[in-house]
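Asks: Structure of the sequence below:
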Amino acid sequence: MGKTTLAKLVFSDSRMQDFERMAWVHVSQKFNLLRIVKAVISQFEGTADGFDDLQSLYNQLEKISSGKKCLIVLDDLWESDIELLRKLKLMVNCGKERSMVRIIVTTRIEAIAQELSTVSPYKLRPLSDDDCWTVFKQIAFQWTNEEDLDVLEAIGRDIAMKCKGLPLAAHAVGSMLRNKNVDFWKAARDSNTWDQCSSHIDVLPSLRLSYEHMPSYLKPCFAYCAIFQKGSTIDKDKLIQQWMAPDFVKPSLPTLSPKAQAEEYLRELLATSLLQNSVSSMVTHEHAKDSHELSMHDLVHDLAQSVAGDEAFYLHAISQSSSPSDNCHHLVVVSYDKRLCKSLSVKVRSLHFRDCGGKQLPGDTFSLTKNLRILDLTGCVVRKLTDPTRQLAHLRYLDASLLCDKDFPMWITSLLKLHYLSIHGSTKISELPKSTGNLKDLAHLDLSCCGNLVHLPEFFFSTLQVSCY
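Replies: So this is what the prediction gives:
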């Protein structure tokens, strides 16, 4: 059992129901105290909007947690700077009655545990070969021919030993071998992959083996997940829509819709544990809506990055020392700078902006990206494009959440192939123009948290799925 799995069991245990406030935050390697505290407040209260500095966040956290029993899980903490750890400890242990706040931290670094702990840290060790075998057989032997059980058990025990005591590895390989014949099991046991590792990233052989034997239709969907930041939550519905936009999804039956087929792809990946239901989505409170969030283990994310190769690239404006290759299909731009327009290749199919802080993008930003299928502009401002019908002629997915202006951007109404549109959180927009009726292919419109929206064209409700909550 891994650190996160053990913390999940504690967090979900019925004996934890006495806690009135519960929060689960995946910290990961990119330590951001502001983000951590905002995540805790959001899960306690439903929103952290309007609090943009540590002091106001501290005051709000103290206010909503005081006098209540609180449980906070900080999962996968890597930051070893003593001063930052002490600030973290002070921020999350903020109740006036401090004995009522309980904090669980998972980390791979013993020095971090020693610095933060108020009790003796519990150090998890790798599973024994027998325990690893137990995990493996529970997954792999669900639908196996009884005639082959003895042979498969001998092979399976050999494979379990190769998993090096890691439950994630045992689960992934067990899922791959489920319902397969003896020859397939032997081939998996004797594969050279066990003795190899990626030339760029140290990927677990067991996980790479799972990918190698993954059905071909799942491979591009899994590799696409490399665009999400390590440790982040993934919106299930948005992921499905993004798989559909570049035609990753091929319905196996004429009567099966692409969305239904994509949901089946997702179920297959969940069954392997390469994708998992996010723990934070289990947190409920009176202000929360039903959530459908996914997560990816850091080791699995390493695999996704490895198999995506140079087709997926993170472009950092501040610290960038290299540029995406001509083969880049999926580009994530962090902290946008106008000079980065030159790095947007014509082959890019999906473009995602992160941490752009409301910057306005110039009208010629997409002058070179004529084959975009997916565009995520969350938090950016794009008031006018030079020639949207040419630049974004093939766009099918547009996330324009958190628009700052009161007027709906008219250039969006010229994107005739758009299938999915989100303006979530655009609180200043009061109506959508009639010209949105030009979007004949639009099937899903997310208007959630658009509190000032008072008018919609009548045809919307008969032609597409609208999310308003």
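Asks: gap between the two ends of stretch 159-167?
Replies: From its first residue to its last, stretch 159-167 covers 12 Å (Cα to Cα, to the nearest Å).
Asks: buried stuff in that stretch?
Replies: Ile159, Ala160, Lys162, Cys163, Gly165, Leu166, Pro167 (16 or more other Cβ atoms under 10 Å). C-beta: built from backbone N, CA, C; applies to glycine.
Asks: so how far is Met296 from the nearest residue to the last one once chain neighbours are set aside?
Replies: It stands for Pro167. The shortest distance from Pro167 to any non-neighbouring residue, by Cβ to Cβ, 6 or more residues apart in numbering, is to Val135 (5.1 Å). Distance, Val135 to Met296, by Cβ to Cβ, to the nearest Å: 19 Å.
Asks: For these two, indicate the residue with more neighbours.
Replies: Met296 (25 against 22; other Cβ atoms under 10 Å).
Asks: Give me the buried stretch members for stretch 434-452, please.
Replies: Buried, per 16+ other Cβ under 10 Å, within stretch 434-452: Thr436, Leu439, Leu442, Ala443, His444, Leu445, Asp446, Leu447, Ser448, Cys449, Cys450.
Asks: What are the buried residues along stretch 22-33?
Replies: Applying 16+ other Cβ under 10 Å to stretch 22-33 flags Met22, Ala23, Trp24, Val25, His26, Val27, Ser28, Phe31, Leu33 as buried.
Asks: what distance separates the helix or strand hosting the third one from the middle of the whole chain?
Replies: Using DSSP states H and E, Trp24 sits within strand 21-28. Here the centre of mass of C-alpha atoms in strand 21-28, compared against the chain's by Cα atoms, centre = their mean, to the nearest Å, lies 15 Å away.
Asks: Can you name every helix or strand that that strand contacts?
Replies: Counting contacts by 3 or more Cβ pairs under 8 Å, 6 or more residues apart in numbering; DSSP states H and E, strand 21-28 is packed against helix 33-45, strand 70-77.
Asks: Now for Ser128, how many residues are close by?
Replies: 11.
Asks: Quick check, it in contact with Lys164.
Replies: No: with contacts defined as Cβ atoms under 8 Å, Ser128 does not count as touching Lys164, sitting 11.2 Å away.
Asks: Domain parsing of the protein, as residue ranges.
Replies: 3-124, 129-212, 219-278+289-301, 317-467 (automatic domain parsing).
Asks: Run a quick neighbour tally on Ser306.
Replies: 20.
Asks: okay, it: pLDDT?
Replies: In this model, Ser306 is scored at 92, pLDDT.
Asks: So it is in contact with Leu204, correct?
Replies: No: judged on Cβ under 8 Å, Ser306 makes no contact with Leu204 at a distance of 10.5 Å.
Asks: So which bits of stretch 131-150 are buried?
Replies: Cys132, Trp133, Val135, Phe136, Lys137, Ile139, Ala140, Phe141, Thr144.
Asks: could you turn that stretch into PDB, dropping everything but the C-alphas?
Replies: C-alpha atoms of stretch 131-150 as PDB (Å, rounded to 0.1, in the frame of the first residue of the first chain):
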ATOM      1  CA  ASP A 131       1.800  -9.000  -0.400                       C
ATOM      2  CA  CYS A 132       2.600  -7.800  -3.900                       C
ATOM      3  CA  TRP A 133       1.400 -11.100  -5.200                       C
ATOM      4  CA  THR A 134      -1.900 -10.700  -3.200                       C
ATOM      5  CA  VAL A 135      -2.500  -7.300  -4.900                       C
ATOM      6  CA  PHE A 136      -1.600  -8.700  -8.300                       C
ATOM      7  CA  LYS A 137      -3.800 -11.800  -8.100                       C
ATOM      8  CA  GLN A 138      -6.900  -9.900  -6.900                       C
ATOM      9  CA  ILE A 139      -6.800  -7.900 -10.200                       C
ATOM     10  CA  ALA A 140      -5.400 -10.500 -12.600                       C
ATOM     11  CA  PHE A 141      -7.400 -13.500 -11.600                       C
ATOM     12  CA  GLN A 142     -10.900 -12.100 -11.900                       C
ATOM     13  CA  TRP A 143     -11.900 -14.000 -15.100                       C
ATOM     14  CA  THR A 144      -9.300 -16.700 -15.600                       C
ATOM     15  CA  ASN A 145      -9.800 -20.300 -16.900                       C
ATOM     16  CA  GLU A 146      -9.500 -22.600 -13.800                       C
ATOM     17  CA  GLU A 147      -7.600 -25.200 -15.900                       C
ATOM     18  CA  ASP A 148      -4.600 -22.800 -16.100                       C
ATOM     19  CA  LEU A 149      -4.600 -21.600 -12.500                       C
ATOM     20  CA  ASP A 150      -1.500 -23.500 -11.300                       C
END
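Asks: Can you name the residues in contact with that stretch?
Replies: 127, 152-153, 156-157, 159-161, 163, 165-167, 170-171, 173-175, 177-179, 181-182 (Cβ atoms under 8 Å, 6 or more residues apart in numbering).
Asks: follow-up on the earlier one: for Asp310, find the nearest of the domains of the chain.
Replies: domain 317-467 (4.3 Å; Cβ to Cβ).
Asks: pLDDT on the closest one, on average?
Replies: If you average the pLDDT values across domain 317-467, you get 80.
Asks: what's the answer for stretch 212-221, then?
Replies: 94.
Asks: List the neighbouring strands of the strand holding Trp24 plus their orientation.
Replies: Strand 21-28 has the following sheet partners, assigned by DSSP bridges: strand 70-77 (parallel).
Asks: related to what we said a few turns ago, just curious, which of the buried residues of stretch 159-167 is nearest to His330?
Replies: For the buried residues of stretch 159-167, the nearest to His330 is Leu166 (28.3 Å; Cβ to Cβ).
Asks: picking up where we left off before, reformat the helices and strands packed on strand 21-28 as JSON lines; add mean pLDDT.
Replies: As requested, the helices and strands packed on strand 21-28 are exported to JSON lines (pLDDT from 0 to 100):
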{"stretch": "helix 33-45", "mean pLDDT": "87"}
{"stretch": "strand 70-77", "mean pLDDT": "91"}
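Asks: Quick check: which of those has the most neighbours on average?
Replies: Ranked by mean neighbour count, the helices and strands packed on strand 21-28 are led by strand 70-77 with a mean of 22 (mean count of other Cβ atoms under 10 Å).
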